[in-house]
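Engineer: Curious how this folds, go ahead:
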Amino acid sequence: MRDYLLRSRRTPRVMLGGPVMPTVTEEWFSHKKLTPLNIVEININLEKGTNYEAKRFKAYLDTLLEEKNKNYILNLSKCGMLDSIFLGVIITFYKKIKEMNGNLKLVVDPNNTPVSLSKTTLGEIFDIYTQVEAALFSFKMNS
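Structural biologist: Below you'll find the model as predicted:
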């Protein structure tokens, strides 16, 4: 059976009288604004970034771009595989940020680096770090 059929894709239900459960998008992606430097850290809480998740990720990034932030850190440390569609969404996001004179830095786990980043020349395009703190420090040094 294919992996994407085994993955849980159910929509959370709202229980009457109970708390509202987070949507799938909120479970897969999250962000926080690091206020002193006006940087947004985006966390991807997926083991694999595939075509199915890419559609929602693109919509998620578009809502973040509406806030007019220029500097982003994309934390891929939990993600061990990125397919070409998901990677294309990241590249499109990077181009939009560059048009606004912003910057995007990627954070990956050195023991779980996606093959699409390690075996290609994308390391020449993106600034890739192993820790969020190192990416933050690079923003401070460039300020």
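
Engineer: what about the strands in the protein?
Structural biologist: For the chain, applying DSSP state E gives strands covering 29-34, 39-44, 48-49, 71-75, 81-82, 103-107, 127-129.

Engineer: can you tell which of these is closest to Thr113?
Structural biologist: strand 127-129 (8.4 Å; C-beta to C-beta). For every residue, glycine as well, the C-beta is placed using N, CA and C.

Engineer: Could you single out the most deeply buried of the strands of the chain?
Structural biologist: strand 71-75 (a mean of 23; mean count of other C-beta atoms under 10 Å).

Engineer: mean confidence score for it?
Structural biologist: Averaged across strand 71-75, pLDDT comes to 95.

Engineer: circling back to that earlier point, so which of the strands of the chain gets nearest Lys95?
Structural biologist: Among the strands of the chain, strand 103-107 sits nearest to Lys95 (C-beta to C-beta), with 9.6 Å.

Engineer: Thank you kindly, that will do.
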